[in-house]
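Enquirer: starting from these lines, generate the structure:
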Amino acid sequence: MLGAVVLLLTSSFYLNAQSTLGVTGLLNSPSADMSPDGTVKIGGNFLPKGFLPDTWDYNTFNYFLNITPVPFAEIAITNTALDNFNIGRITNQDRAICIRLRPLKEGKYWPAVVVGSNDVLTTYSGIEAGSGNKYFGTTYLALSKHLDLYGNTFGIHAAYNIPVSVHANQKFPISGGISFTPKFYKDLNIIAEYDTKSFNIGANIIVFKYLYFQFLLNKFRHPVVGFQFQFTI
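Expert: The predicted structure follows:
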């Protein structure tokens, strides 16, 4: 099915991976990729309970607004739906602001470097507000280098992650992965990664120039699906 989509659709929008938090990255691990200046992204992700922190026992979703106002900075506002502990259905949200800064752009002999923080600012409306914040809080340093091989693009990505949340359950501070964009279709990106606690595989694709879709198999068994509408201003 994916092959049919690739053959039928064409576009020229710059492609980079989308983190499950609504920021530029790999699938669920940071990278030093950055969208072009003026890029706006509006979208969301379906998040199964097997993918979420251990305190989560239900499926949920998030939605976000992401802006790259200048070439070296990115800001995202992400809302994650939360279950109301009293009535057993989703009525609250964990609101997070994520920031990424790129002090070094990728060059011929060196990688790009990005410093970022997921959930640097957060609010939560509901009971247990003090303990409910920063479900995905992480500060990180990420590096990315891309290599061209006969028109195919290979990306090598690594990050050092410092959790800033009591809910973080990372097993190892290092994360990273590889990405592959084939010569025959530049709007397809295939990714394999380790996100500090599990291995994931997935891909993302641009459709009709402005629509972006991502599919991730967390731990090779939990499906995470994301989409966004993206454009430049």
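Enquirer: list the buried ones in the strand ranked longest in the chain?
Expert: Using DSSP state E, we find that the single longest strand of the chain is strand 90-104. Buried residues in strand 90-104, defined by neighbour count with 16 or more other CB atoms under 10 Å: N92, Q93, D94, R95, A96, C98, I99, R100, R102. In this view, the C-beta of every residue, glycine as well, is placed from N, C-alpha and C.
Enquirer: ok, residues contacting the helix or strand where I42 lies?
Expert: Assigning secondary structure by DSSP states H and E places I42 in strand 39-47. Contacts to strand 39-47, defined as CB atoms under 8 Å, 6 or more residues apart in numbering, come from residues 14, 18, 20, 22, 35, 59-68, 76, 80, 212, 214, 223-233.
Enquirer: report the separation between the residue lying closest to F229 once chain neighbours are set aside and G155.
Expert: In this structure, F229 finds its nearest non-sequential neighbour in I42, 5.1 Å apart by CB to CB, 6 or more residues apart in numbering. According to CB to CB, to the nearest Å, I42 and G155 sit 25 Å apart.
Enquirer: what do you get for F64?
Expert: 23 Å.
Enquirer: angle of the helix or strand hosting N62 against strand 90-104?
Expert: Assigned by DSSP H and E, N62 falls within strand 60-70. Counting by axes from the mean of the first three to the mean of the last three CA atoms, to 10 degrees, strand 60-70 points 30 degrees away from the direction of strand 90-104.
Enquirer: tell me what angle strand 60-70 forms with strand 39-47.
Expert: Going by the same axes, to 10 degrees, strand 60-70 makes 160 degrees with strand 39-47.
Enquirer: going forward, the N-terminal residue is numbered 36.
Expert: Sure, I'll start counting at 36 from here, so that last one is strand 95-105.
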